[in-house]
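Participant: Okay, here's the prediction I keep looking at, along with the sequence it came from:
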There are 2 protein chains.
Amino acid sequence: MATPSETNGTNPLRLGIVLFPGFEALDAFGPLEVFNTLSLTHNVTQAILATTLDPVSTKAPGFPNSIEQRIVPTHTFANAPPLDILLVPGGLGTRGDSTEVQTAIAFIRDAFPGLQYLMTVCTGSGLAARAGVLDGLRATTNKRAWADTTALRPDVQWVARARWVVDGKAWTSSGVSAGIDVALAWVEEVLGSEVARNVMRRMEYTRHTDAAVDPFAELYGLA
Amino acid sequence: MATPSETNGTNPLRLGIVLFPGFEALDAFGPLEVFNTLSLTHNVTQAILATTLDPVSTKAPGFPNSIEQRIVPTHTFANAPPLDILLVPGGLGTRGDSTEVQTAIAFIRDAFPGLQYLMTVCTGSGLAARAGVLDGLRATTNKRAWADTTALRPDVQWVARARWVVDGKAWTSSGVSAGIDVALAWVEEVLGSEVARNVMRRMEYTRHTDAAVDPFAELYGLA
């Protein structure tokens, strides 16, 4: 990946995002807002990855009357470009064993060795866990779906009280809006605190800066 | 619009969202996450409105190397269904006088009398202001773009220090992430505090509950 000083130059940060039917909208668009804003000042490329190039819906499986938005992929998993960082959102669509879920898990497994960073939001860490790439690592996930998600893979060292957790190349975050915080923490770590502050200010967002502060762990009885 | 007790029944809350090239991703998907979550338990319909049915890009005008996501509309402005609440995001795409911007402004002007609520995020209030529907009302907008946006329409009573402002049917909010807070405040006001709390907890989001607390007004020298 580009170093901080290089990202204004010719070496881009190559971002990929995994989409599947029933992904959670803000899991994706919280971090994407951070990377969109970063791309105004830094050299970033992006691949929106899915099983096919058909638009991917946020529609929650099991809720036929729920509303949805549909996003257009740029690449199929089979034609993914080289990536430095891979973003994996969660959502009700992570459950089960549809072709799309299986394909996403297989892609995460295959891509992981070549990544510099894996970033998951919410139950996106469940997909990464099922891919086996979090085995032996500390990681967190959505607190409301804690029992179901952590049961998917006991080989992961699940951390209940955390807004986000960094272990090796894995940056895993808690539910939905925590994706914004992990993305800003990543920007701070990799590109520096001034860049993170500028992105945060453009978003008029008050960051959670302490990864260990997590009121939702307590709320859901996990403290 | 459906009353709180009716939204589990047959009368839906009819949501519309205005899209145009260069809309800010989180301006749209912050509030949409709130409404998506609400639609798991309440009767909500949604129209994603644009000039044509082609996917609409978030790509920032003037930043040719910035990354983008593309969203699929469900209706053109010309074929919009009746709406109770209209969501207007901001972004660099609100500037200028492209056909898409002019069409969006005309739609806001025409739709406003039939709405129960207008909700704007960031410089989305600039589009509503240019449509004339905020004249005489108190309203706010993005703090970084304050001078440019407020100059668009002096007939609006612009409020500098505010996370969001409610005046009549107009719910206007500050920059980008403030859209999440105004949407949750709206849910609390219209559907009750327990519904708002449930949505917030599913999002693992710590709400800004005081509309008058706005650190970004001070940051940008507007306090």
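Facilitator: Thanks, I have the structure now.
Participant: going forward, measure contacts and count neighbours with C-alpha atoms only.
Facilitator: OK.
Participant: Return the residues in contact with the residue nearest the centre of chain A.
Facilitator: In chain A, the residue lying closest to the centroid (CA atoms, centre = their mean) is A:Thr120, at 3.0 Å. A:Thr120 is in contact with A:Leu87, A:Val88, A:Pro89, A:Gly90, A:Ala128, A:Ala170, A:Trp171, A:Thr172, A:Ser173, A:Gly179, counting by CA atoms under 8 Å, 6 or more residues apart in numbering or on different chains.
Participant: And A:Thr94, what's its pLDDT?
Facilitator: pLDDT for A:Thr94: 97.
Participant: can I assume it is in contact with A:Val18?
Facilitator: No. Judged on CA atoms under 8 Å, A:Thr94 makes no contact with A:Val18 at a distance of 11.2 Å.
Participant: shared neighbours, the two?
Facilitator: Between them, A:Thr94 and A:Val18 share no contacting residue under CA under 8 Å, 6+ apart.
Participant: before we move on, back to that, what is the nearest of the contacts of A:Thr120 to B:Leu222?
Facilitator: Nearest to B:Leu222, judged by CA to CA, of the contacts of A:Thr120 is A:Gly179 at 29.6 Å.
Participant: What segments of chain A are strands?
Facilitator: Ranges of strands within chain A are A:13-18, A:44-50, A:56-57, A:70-71, A:75-76, A:85-88, A:117-120, A:138-139, A:157-158, A:164-167, A:170-173, based on DSSP state E.
Participant: Could you single out the most deeply buried of those strands?
Facilitator: Comparing the strands of chain A by mean neighbour count (mean count of other CA atoms under 10 Å in any protein chain shown), strand A:170-173 ranks first with a mean of 28.
Participant: before we move on, the earlier item: any idea which of the contacts of A:Thr120 is closest to B:Asn65?
Facilitator: A:Leu87 (20.1 Å).
Participant: how far away is that closest one from B:Leu19?
Facilitator: 25 Å (CA to CA, to the nearest Å).
Participant: right, and A:Ser125 touches A:Arg138 too?
Facilitator: No. The criterion here is CA under 8 Å, and A:Ser125 misses it with A:Arg138 at 11.0 Å.
Participant: which bits of chain A sit near chain B?
Facilitator: By CA under 8 Å from any CA of the partner chain, the residues of chain A that approach chain B are A:24-26, A:29-30, A:32-33, A:35-36, A:39-40, A:43-46, A:55, A:63, A:65-72, A:144, A:174-178, A:201-205, A:216.
Participant: how about a cut-off of 7 Å?
Facilitator: A:25-26, A:29-30, A:33, A:36, A:39-40, A:44-46, A:63, A:66-68, A:70-72, A:175-177, A:203-205, A:216 (CA under 7 Å from any CA of the partner chain).
Participant: Quick check, pLDDT for the residue nearest to the centre of chain A.
Facilitator: So A:Thr120 comes in at 98 (pLDDT).
Participant: what's across from it in the sheet?
Facilitator: A:Thr120 has these beta-bridge partners by DSSP bridges: A:Val88, A:Thr172.
Participant: check contacts around the residue nearest to A:Gly93 when sequence neighbours are not counted.
Facilitator: Spatially, and ignoring its direct neighbours in sequence, A:Gly93 is nearest to A:Gly22 (4.0 Å; CA to CA, 6 or more residues apart in numbering or on different chains). By CA atoms under 7 Å, 6 or more residues apart in numbering or on different chains, the residues touching A:Gly22 are A:Ser57, A:Thr58, A:Lys59, A:Ala60, A:Pro61, A:Gly91, A:Leu92, A:Gly93.
Participant: For the residues you listed, pick the one with the most neighbours.
Facilitator: A:Gly91 (27 neighbours; other CA atoms under 10 Å in any protein chain shown).
Participant: roughly how far apart are it and A:Gln102?
Facilitator: With CA to CA as the criterion, A:Gly91 and A:Gln102 are 15 Å apart.
Participant: Spatially nearest residue to A:Val187 (excluding sequence neighbours)?
Facilitator: Nearest residue to A:Val187 in three dimensions, chain neighbours excluded: A:Ala196, at 5.4 Å (CA to CA, 6+ apart).
Participant: Got the confidence number for the most far-flung residue of chain A relative to its centre?
Facilitator: Using CA atoms, centre = their mean, the residue of chain A lying farthest from its centre is A:Asn65. It sits 26.4 Å away. Reading off the confidence values, A:Asn65 has pLDDT 95.
Participant: Could you check how far A:Val199 is from B:Glu218?
Facilitator: Applying CA to CA to A:Val199 and B:Glu218 gives a distance of 17 Å.
Participant: Show me which of those two is the more surrounded one.
Facilitator: Higher neighbour count among A:Val199 and B:Glu218: A:Val199, with 23 against 12, using other CA under 10 Å.
Participant: isn't that one right next to A:Phe35, touching?
Facilitator: No. Using CA atoms under 7 Å, A:Val199 is not in contact with A:Phe35; the gap is 8.9 Å.
Participant: Could you point out which of the strands of chain A sits nearest B:Pro113?
Facilitator: B:Pro113 lies closest, by CA to CA, to one member of those: strand A:70-71, at 29.0 Å.
Participant: is it true that A:Thr94 touches A:Thr103?
Facilitator: No. Shown here, A:Thr94 and A:Thr103 do not form a contact pair, counting by CA under 7 Å, at 11.5 Å.
Participant: can you tell me which residues contact the nearest residue in space to A:Leu184 that is not next to it in sequence?
Facilitator: Spatially, and ignoring its direct neighbours in sequence, A:Leu184 is nearest to A:Ala196 (5.9 Å; CA to CA, 6+ apart). Residues in contact with A:Ala196 (CA under 7 Å, 6+ apart) are A:Leu184, A:Val187, A:Glu188.
Participant: again, only using 8 Å
Facilitator: Applying CA under 8 Å, 6+ apart to A:Ala196 gives the contacts A:Leu184, A:Ala185, A:Val187, A:Glu188.
Participant: quick one: which of these is most hemmed in?
Facilitator: Highest count within the contacts of A:Ala196 by other CA under 10 Å belongs to A:Leu184, 25 neighbours.
Participant: my guess is it meets A:Met200, correct?
Facilitator: Yes. Under the criterion of CA under 8 Å, A:Leu184 makes contact with A:Met200 at 7.4 Å.
Participant: Mind listing the shared neighbours of the two?
Facilitator: Joint contacts of A:Leu184 and A:Met200 (CA under 8 Å, 6+ apart) are A:Val34, A:Arg207.
Participant: sorry, back to before: of A:Thr94 and A:Thr103, give the one with the bigger neighbour count.
Facilitator: Neighbour tally, A:Thr94 and A:Thr103, criterion other CA under 10 Å: the higher count belongs to A:Thr94, 26 against 17.
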